[in-house]
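[1] sequence and predicted structure are below.
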Amino acid sequence: MEIILKQDVPNLGHKDDIVVVRNGYATNYLIPQGFAIMATPSAKKMHAENMRQRAHKEAQIREEATQMAAKLEGVQVTLATKVSSTGKIFGSINNIQIAEALAQKGFQVDRRNITILGDDSIKEVGIYEAVVKCHKDIKANIKLEIISEE
(Lines give C-alpha, C1' and ligand atoms only; values in the text may rest on other atoms or scores of the structure.)
Protein backbone atom coordinates (compact mmCIF):
# COMPACT_ATOMS: atom_id res chain seq x y z
CA MET A 1 0.00 0.00 0.00
CA GLU A 2 1.26 3.43 -0.91
CA ILE A 3 1.08 6.09 1.83
CA ILE A 4 2.15 9.70 2.36
CA LEU A 5 3.93 10.27 5.68
CA LYS A 6 2.61 13.17 7.74
CA GLN A 7 5.63 13.13 10.08
CA ASP A 8 9.03 11.47 10.40
CA VAL A 9 8.83 7.75 11.16
CA PRO A 10 12.08 6.08 12.27
CA ASN A 11 13.41 3.44 9.87
CA LEU A 12 10.67 4.27 7.35
CA GLY A 13 10.96 7.80 6.04
CA HIS A 14 10.67 11.51 6.59
CA LYS A 15 7.67 13.81 6.53
CA ASP A 16 6.01 14.08 3.09
CA ASP A 17 7.75 11.00 1.68
CA ILE A 18 5.61 8.64 -0.36
CA VAL A 19 6.48 5.11 0.70
CA VAL A 20 5.17 1.63 0.08
CA VAL A 21 4.43 -0.45 3.19
CA ARG A 22 2.47 -3.58 3.92
CA ASN A 23 -1.28 -3.13 4.11
CA GLY A 24 -1.56 -4.17 7.77
CA TYR A 25 1.20 -1.81 8.91
CA ALA A 26 -0.52 1.10 7.17
CA THR A 27 -4.13 0.38 8.14
CA ASN A 28 -3.50 -0.86 11.69
CA TYR A 29 -0.72 1.46 12.84
CA LEU A 30 0.42 4.34 10.63
CA ILE A 31 -2.97 5.73 9.54
CA PRO A 32 -4.82 5.39 12.91
CA GLN A 33 -1.88 6.95 14.79
CA GLY A 34 -1.91 9.91 12.40
CA PHE A 35 1.57 9.20 11.01
CA ALA A 36 0.36 8.80 7.42
CA ILE A 37 -2.50 9.09 4.95
CA MET A 38 -3.38 6.88 2.01
CA ALA A 39 -1.81 7.99 -1.27
CA THR A 40 -4.93 8.34 -3.40
CA PRO A 41 -4.64 10.22 -6.72
CA SER A 42 -6.23 13.37 -5.23
CA ALA A 43 -3.95 13.17 -2.17
CA LYS A 44 -0.94 12.83 -4.49
CA LYS A 45 -1.97 15.97 -6.41
CA MET A 46 -2.36 17.96 -3.19
CA HIS A 47 0.97 16.58 -1.99
CA ALA A 48 2.71 17.65 -5.23
CA GLU A 49 1.32 21.18 -4.92
CA ASN A 50 2.39 21.43 -1.29
CA MET A 51 5.86 20.20 -2.16
CA ARG A 52 6.24 22.87 -4.87
CA GLN A 53 5.27 25.57 -2.39
CA ARG A 54 7.62 24.21 0.24
CA ALA A 55 10.67 23.90 -2.03
CA HIS A 56 11.86 27.46 -1.37
CA LYS A 57 11.48 27.13 2.41
CA GLU A 58 13.32 23.82 2.29
CA ALA A 59 16.27 25.43 0.50
CA GLN A 60 16.55 28.03 3.28
CA ILE A 61 16.36 25.40 6.02
CA ARG A 62 18.99 23.29 4.25
CA GLU A 63 21.31 26.31 3.99
CA GLU A 64 20.94 27.04 7.72
CA ALA A 65 21.58 23.38 8.54
CA THR A 66 24.71 23.39 6.37
CA GLN A 67 26.02 26.46 8.18
CA MET A 68 25.30 24.92 11.58
CA ALA A 69 27.01 21.66 10.56
CA ALA A 70 30.07 23.62 9.44
CA LYS A 71 30.23 25.38 12.81
CA LEU A 72 29.69 22.12 14.71
CA GLU A 73 32.25 20.12 12.73
CA GLY A 74 35.25 19.46 14.93
CA VAL A 75 33.77 21.01 18.09
CA GLN A 76 35.10 19.35 21.21
CA VAL A 77 32.84 19.01 24.22
CA THR A 78 34.35 18.28 27.62
CA LEU A 79 32.15 16.66 30.23
CA ALA A 80 33.25 16.19 33.83
CA THR A 81 31.66 13.41 35.84
CA LYS A 82 32.25 11.34 38.95
CA VAL A 83 34.64 8.50 38.26
CA SER A 84 35.81 5.48 40.23
CA SER A 85 39.49 4.76 40.82
CA THR A 86 39.53 2.36 37.84
CA GLY A 87 38.26 4.99 35.39
CA LYS A 88 34.66 3.78 35.26
CA ILE A 89 31.93 6.41 35.36
CA PHE A 90 29.28 6.25 38.06
CA GLY A 91 26.22 5.98 35.82
CA SER A 92 26.82 6.93 32.20
CA ILE A 93 27.01 9.85 29.79
CA ASN A 94 24.16 9.99 27.30
CA ASN A 95 22.91 12.31 24.58
CA ILE A 96 20.95 14.47 27.04
CA GLN A 97 24.14 15.61 28.77
CA ILE A 98 25.82 16.15 25.40
CA ALA A 99 22.90 18.33 24.24
CA GLU A 100 23.15 20.39 27.45
CA ALA A 101 26.91 20.85 26.97
CA LEU A 102 26.36 21.94 23.37
CA ALA A 103 23.71 24.41 24.55
CA GLN A 104 26.28 25.95 26.90
CA LYS A 105 28.54 26.44 23.88
CA GLY A 106 25.71 28.13 21.99
CA PHE A 107 24.45 25.28 19.80
CA GLN A 108 20.78 24.44 20.22
CA VAL A 109 20.57 20.76 19.27
CA ASP A 110 17.73 18.38 20.05
CA ARG A 111 18.94 15.40 22.05
CA ARG A 112 17.22 13.02 19.64
CA ASN A 113 19.51 14.25 16.86
CA ILE A 114 22.68 13.20 18.69
CA THR A 115 24.06 9.71 18.17
CA ILE A 116 27.06 8.44 20.10
CA LEU A 117 29.19 6.34 17.77
CA GLY A 118 29.71 2.76 18.88
CA ASP A 119 27.40 2.64 21.88
CA ASP A 120 24.33 4.42 23.24
CA SER A 121 26.01 5.48 26.45
CA ILE A 122 29.53 6.20 27.64
CA LYS A 123 30.71 4.38 30.74
CA GLU A 124 34.46 5.12 30.86
CA VAL A 125 36.75 8.13 30.83
CA GLY A 126 38.21 8.89 27.40
CA ILE A 127 37.62 10.52 24.06
CA TYR A 128 34.59 9.55 22.00
CA GLU A 129 32.85 10.70 18.86
CA ALA A 130 29.22 11.61 18.29
CA VAL A 131 27.21 12.54 15.21
CA VAL A 132 24.81 15.48 15.28
CA LYS A 133 22.07 15.33 12.65
CA CYS A 134 21.31 18.90 11.56
CA HIS A 135 18.93 17.98 8.74
CA LYS A 136 17.77 14.87 6.88
CA ASP A 137 21.16 14.18 5.32
CA ILE A 138 23.39 16.88 6.83
CA LYS A 139 25.46 15.63 9.74
CA ALA A 140 28.38 16.91 11.78
CA ASN A 141 30.91 14.97 13.86
CA ILE A 142 31.85 16.22 17.29
CA LYS A 143 34.42 14.98 19.78
CA LEU A 144 33.54 14.20 23.37
CA GLU A 145 36.15 14.26 26.09
CA ILE A 146 35.04 12.64 29.32
CA ILE A 147 37.16 13.65 32.30
CA SER A 148 37.15 13.02 36.02
CA GLU A 149 35.30 15.53 38.17
CA GLU A 150 37.59 16.79 40.92
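    Nice, thanks for sending it over.
[2] name every strand pairing with the lowest-mean-pLDDT helix or strand in the chain and say which way it goes.
    Scoring the helices and strands of the chain by mean pLDDT, DSSP states H and E places strand 122-124 at the bottom, with a mean of 84. When pairing is defined by DSSP bridges, strand 122-124 lines up against strand 88-93 (antiparallel).
[3] how much space between the residue of the chain positioned farthest from its centre and residue 148?
    Going by Cα atoms, centre = their mean, the residue of the chain most distant from its centre is residue 85, 34.7 Å out. Applying Cβ to Cβ, to the nearest Å, the value for residue 85 to residue 148 is 10 Å. For every residue, glycine as well, the C-beta is placed using N, CA and C.
[4] dump the residue contacts of the nearest residue to residue 95 once chain neighbours are set aside.
    Nearest in space to residue 95, with sequence neighbours left out and distances taken as Cβ to Cβ, 6 or more residues apart in numbering, is residue 114 at 4.1 Å. Residue 114 sits next to 95, 98, 99, 102, 130, 131, 132, 133 when contact means Cβ atoms under 8 Å, 6 or more residues apart in numbering.
[5] let's see that with 7 Å instead.
    By Cβ atoms under 7 Å, 6 or more residues apart in numbering, the contact set of residue 114 is 95, 98, 99, 130, 132.
[6] ok, residue 80 next?
    147, 149.
[7] what residues are bridge-paired with it?
    residue 147.
[8] any idea of the pLDDT on it?
    In this model, residue 80 is scored at 90, pLDDT.
[9] the chain: helices as residue ranges?
    23-25, 41-72, 95-104 (DSSP state H).
[10] look at residue 32 and say how many residues are nearby.
    By other Cβ atoms under 10 Å, 10 other residues sit near residue 32.
[11] residue 72 against residue 105, yeah?
    No. Using Cβ atoms under 7 Å, residue 72 is not in contact with residue 105, being 9.4 Å away.
[12] how far off centre is stretch 88-105?
    In terms of Cα atoms, centre = their mean, to the nearest Å, the centre of stretch 88-105 is set 16 Å apart from its chain centre.
[13] now do the end-to-end distance for that stretch.
    26 Å (Cα to Cα, to the nearest Å).
[14] check stretch 5-14 too.
    7 Å.
[15] pick out the residue nearest the middle of this structure.
    residue 113 (2.6 Å).
[16] could you count how many residues lie near the closest residue to that one other than its chain neighbours?
    Distances taken as Cβ to Cβ, 6+ apart put residue 133 closest to residue 113, at 4.3 Å, once the chain neighbours are dropped. Residues lying near residue 133 (other Cβ under 10 Å) number 17.
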